[in-house]
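> Provide a 3D model corresponding to the input given below.
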Amino acid sequence: MSSNLAPWWKRIFSAHSIQKIDRYSLEIVTTPAELALQDQLPLEIRYVLALKPSRFETLREMLEAGYGIAVRSMDCTPERLLLAIDRISRFTQYNTIVPWLPNLLRNEELPVFSERELREAEEQGVNLYEEAKSILEQRFEFKRIVLVDLHNRCINETQRQSMYEINQDLFPLAIDAIVHRVVFDNAHSRTEIAQTLIKALIIIGPIAHILEHTLTGLGKIFAASSDDLLAELAELFALRGSGFTWRQLLKRSRLLIPVFILATYAVFQVEPLLHAGKPITAGILFGFSAVALSLVTAIQSIFMFRSSYVALCAEKKMVLKTGESLLRWAFRQDFLNPARLGLFIGAACSPVLAALVFSFFPELSKNGWILAGLGSVESIVAGLAVYNAKFVEKAWFRHKILGRMRRMA
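Predicted structure coming up:
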């Protein structure tokens, strides 16, 4: 007898190979009475009505005729579009996506392709101009106001023309949302809350607990260093997947080895400080040691992107405006990944939390699970940043629409 219940470990690893389906969300208005309830209408419909109040009568007639009017939003960027962005980024833009992607989406401004890049891409079966065309063709699919045929009637040419004009007015605003959606989905957000908690509690926690009770202080060393080592391994593979060469990554690792040795030595001083009655100092030292490698890794990534922008400027693919700096663009590129901002916030919190725990709950300083959690604070906060990024994006878009409506009033 066969069973479709695969072992748990197979289900976990096979989950990454499941093909994503492009899905849409709909906010729909179906009755004329809803038009009078302005505060309850979808923001996009309120915006196009505020832009041209004469549309109110057109929409009312459509609703009275039995049609629905909906705001259709794409839940996430299609895989094909992300692939096109990734190919252009790797082949021609030194692994960056700003400013070329926003310029392409907003102004239809193609990135600069050299003859060598076009040839090398062609050798791998990639037509860079076709990739750019693919991005342009799908840019208006993210957010659109559509007429819904609720009673299986045909939508006539007049109605199609009305919806086209409505969307023409919505497009400039929608493109801002598209840029945010694309760069967010394209940002390689490696940190996830569930993975971090499982890693900290199921893997690191028990081992740290056993080591701490076998030889006091050993568990603290393991808890402080293991999270950073796992995070660095994930970062290496993620950067490799983003297009950086192993040679670049090896050069990057030269600084990480002495930093890791120094951080490990610092953790050795935590236990003596606790015995000396200095729990605050011990906690701060433990917290800094736990995030040292992650902080250095994050700073190095910024400077790797800065090198990319130096190359883009040298090849005339990018021109700096007055007041702009390469480092600023590097920060912008790196912080497109919401996990990066979360990591910096978590790194600032880690020494404070460790100092509080060591001071007010000294018995917990020997608990492996607590030590693992304190050692993974930056990863957990980064995971929270990733989880909440979509909510922040929606709030930003709502704020932008309301701001424009207030200026029109």
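
> Leaving out sequence neighbours, find the closest residue to residue 392.
Of all residues not flanking residue 392 in the chain, residue 338 sits nearest, at 7.9 Å (Cβ to Cβ, 6 or more residues apart in numbering). All C-beta atoms are positioned from the backbone trio N, CA, C, and that covers glycine.

> do residue 70 as well
residue 28 (4.0 Å).

> Tell me how far the residue nearest to residue 392 lies from residue 298.
In this view, residue 338 and residue 298 are 13 Å apart by Cβ to Cβ, to the nearest Å.

> now stretch 83-94, how far from the centre of its chain.
17 Å (Cα atoms, centre = their mean, to the nearest Å).

> Report all helices and strands that the host helix or strand of residue 146 contacts.
Assigned by DSSP states H and E, residue 146 belongs to strand 143-148. On a contact count with 3 or more Cβ pairs under 8 Å, 6 or more residues apart in numbering; DSSP states H and E, strand 143-148 meets helix 43-51, strand 68-74, helix 157-186.

> The ones you listed into TSV, with extra columns for distance to residue 320, mean pLDDT and mean neighbour count?
Shown next, in TSV, are the helices and strands packed on strand 143-148 (distance: least, Cβ to Cβ, whole Å; pLDDT from 0 to 100; neighbours: other Cβ atoms under 10 Å):
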stretch	distance to residue 320	mean pLDDT	mean neighbour count
helix 43-51	34	92	19
strand 68-74	33	92	20
helix 157-186	20	82	17
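
> Ok, which of those comes nearest residue 273?
Residue 273 sits nearest to helix 157-186 of all the helices and strands packed on strand 143-148, at 42.1 Å, using Cβ to Cβ.

> how far off strand 68-74 does the closest one point, in degrees?
For helix 157-186 against strand 68-74, the angle by axes from the mean of the first three to the mean of the last three Cα atoms, to 10 degrees is 30 degrees.

> Specify the angle between helix 157-186 and helix 43-51 in degrees.
Using the same axes, to 10 degrees: helix 157-186 against helix 43-51 is 130 degrees.

> and helix 157-186, what other elements does it pack with?
helix 43-51, helix 55-64, helix 79-92, helix 100-107, strand 143-148, helix 377-408.

> Check the offset of that helix from the chain's centre.
The answer for helix 157-186 is 22 Å, by Cα atoms, centre = their mean.

> what angle separates it from helix 79-92?
Using the same axes, to 10 degrees: helix 157-186 against helix 79-92 is 50 degrees.

> So that it lines up with my notes, have the first residue be 3 from now on.
All set: I'll call the first residue 3, so the last point we hit is now helix 159-188.

> how about the helices in the stretch 203-352 of the chain?
Under the criterion DSSP state H, counting those that start in this stretch, the stretch 203-352 of the chain contains helices at 207-216, 220-243, 248-270, 272-277, 281-316, 328-336, 340-362.

> re earlier: the residue nearest to residue 72: how many residues sit nearby?
14 (other Cβ atoms under 10 Å).

> what comes into contact with whichever helix or strand it is part of?
Per DSSP H and E, residue 30 falls inside strand 26-31. Applying Cβ atoms under 8 Å, 6 or more residues apart in numbering, the contact partners of strand 26-31 are 37, 43-44, 47, 61, 65, 70-77, 150.

> Same check on stretch 38-54?
Contacts for stretch 38-54 (Cβ under 8 Å, 6+ apart): 29, 31, 36-37, 57-58, 61, 71, 73, 145, 147, 168, 171-172, 175-176, 399-400, 403-404, 406-407, 410-411.

> can you tell me the distance between the two ends of it?
This stretch, stretch 38-54, spans 16 Å end to end (Cα to Cα, to the nearest Å).

> that older thread, can you redo the helices and strands packed on strand 145-150 as JSON lines with distance to residue 285?
Formatted as JSON lines, those follow (distance: least, Cβ to Cβ, whole Å):
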{"stretch": "helix 45-53", "distance to residue 285": "46"}
{"stretch": "strand 70-76", "distance to residue 285": "45"}
{"stretch": "helix 159-188", "distance to residue 285": "35"}
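
> Count the residues that sit near the residue nearest to residue 394.
23.

> Also residue 338?
With other Cβ under 10 Å as criterion, residue 338 counts 21.

> That one reaches residue 186, doesn't it?
Yes - if you go by Cβ atoms under 8 Å, residue 338 and residue 186 touch, sitting 7.2 Å apart.

> about what we covered before: could you identify the buried members of the contacts of stretch 38-54?
Neighbour counting over those (16 or more other Cβ atoms under 10 Å) leaves 31, 36-37, 57, 61, 71, 73, 145, 147, 168, 172, 175-176, 399, 403 as the buried ones.

> Out of those, flag the one nearest to residue 262.
Once Cβ to Cβ is applied, the member of the buried ones among the contacts of stretch 38-54 that ends up nearest residue 262 is residue 399, at 41.5 Å.
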